[in-house]
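1. Build me a model:
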Amino acid sequence: MTNTVSSPAAKPALEGLDGLAREPFSRRGFVMTGLITGFTLATTVVHGQAIKTDSAGLEAGDVMIPTSDGQMPAYRAMPAGAGPFPIVLVIEEIFGVHEYLKDTCRRLAKLGYCAIAPEIYARQGDLTKMTDIQQIVSQVISKKPDAELLSDLDATAKWAATSSKGDAAKLGVTGFCRGGRAVWLYAAHNPSVKASVAWYGPLGGSRTDIQPKTAADVAADIKAPVLGLYGGADTGIPVTDVEKQRDTAKAAGKTVEIVIYPDTPHAFHADYRPSYRKQPAEDGWARMLAWFKTYGVA
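-> The predicted model follows:
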């Protein structure tokens, strides 16, 4: 089922997040010793978090993921017990793995999943010390090569299966905003993914040497079913682009479902920000769980 609404054309507010100029950075021996302990300073307007999930009955906390060039920090939550547990990779926005992402992992863990949110921008910069969106985009987001991003997600999935009681045969992925873009890319990259859920992931934008493809570019190449959850009032992602993404994927014989929530802004699942919308967030969460169950993650 697809819900669609018409939306006026708007200049994508997050277009720059889809690829900016390449600049050199150190790629060897990186390590960040800790994750963000609260909300990143970049989220300048923070309301009380609507959902708070405790860790009772869970193994939850910071972990380190071995990658090809160092240790990448991540947050993992999973049920206490022997496992194995279905794996869900939780891909961050542009604000780091802060409390909202950690709580999302715990919510999934309470439902029986091994949920892991990798700190995918650890090499590029410390998001805890950044308060300006343009600084985050130009100094961190634009410098993350997509090849490295996909490799980091591969490393996270491998670690979950070999060192964290995860079930490699039941691999799912979900992500928010920029992480939603990564969901589309990863669904086109890893044939082991059973199901993917992209929350308001940007589809267009510019292309660079290190970020050569947009999410729209890979719509026909996805290897896993993708559920896309979008807001009809998202000024950065036109409804026409979302519908085109769906149509392109379906024309290529791919399994895709798009839900567009009328009068709903970007980041409607982010329950620590004014953009949070309870009904679409809860409906999208239920659809995500059903998607995982239908396609073999649960």
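2. where does the stretch 1-150 of the chain have low pLDDT?
-> Across the stretch 1-150 of the chain, the stretches falling below the confidence threshold (pLDDT under 70) are 1-45.
3. Return the set of buried residues in whichever strand or helix holds Gly180.
-> In the assignment (DSSP states H and E), Gly180 maps to helix 178-189. Within helix 178-189, the residues that qualify as buried by neighbour count (16 or more other C-beta atoms under 10 Å) are 178-189. Using the backbone N, CA and C atoms, a C-beta is placed for each residue, glycine as well.
4. same check, this time on stretch 134-148
-> Those buried within stretch 134-148 under the rule 16+ other C-beta under 10 Å are 136-137, 139-146, 148.
5. ok, the residues you listed vs Val173, which is closest?
-> The nearest member of those to Val173, counting by C-beta to C-beta, is Asp146 at 15.0 Å.
6. So the closest one sits against Leu185, correct?
-> Yes - contact criterion C-beta atoms under 8 Å: Asp146 and Leu185 qualify, at 6.3 Å.
7. Name the residues contacting each of those two.
-> When C-beta atoms under 8 Å, 6 or more residues apart in numbering defines a contact, the residues bordering Asp146 and Leu185 alike are Lys213.
8. returning to that earlier point: I'd like the buried residues of helix 178-189 as JSON lines, with distance to Pro262 appended.
-> Shown next, in JSON lines, are these (distance: C-beta to C-beta, whole Å):
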{"residue": "Arg178", "distance to Pro262": "24"}
{"residue": "Gly179", "distance to Pro262": "23"}
{"residue": "Gly180", "distance to Pro262": "19"}
{"residue": "Arg181", "distance to Pro262": "23"}
{"residue": "Ala182", "distance to Pro262": "26"}
{"residue": "Val183", "distance to Pro262": "23"}
{"residue": "Trp184", "distance to Pro262": "23"}
{"residue": "Leu185", "distance to Pro262": "28"}
{"residue": "Tyr186", "distance to Pro262": "28"}
{"residue": "Ala187", "distance to Pro262": "26"}
{"residue": "Ala188", "distance to Pro262": "29"}
{"residue": "His189", "distance to Pro262": "32"}
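9. Between the residues you listed, which sits nearest Asp54?
-> Of all the buried residues of helix 178-189, the one with the least separation from Asp54 (C-beta to C-beta) is Gly179, at 24.0 Å.
10. So which residues of this protein form helices?
-> Using DSSP state H, the helices found in the chain span residues 99-110, 133-139, 146-163, 178-189, 239-251, 278-294.
11. Format those helices as CSV; extra columns: distance to Tyr230.
-> Compiled in CSV, those are given as follows (distance: least, C-beta to C-beta, whole Å):
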stretch, distance to Tyr230
helix 99-110, 18
helix 133-139, 21
helix 146-163, 21
helix 178-189, 9
helix 239-251, 5
helix 278-294, 9
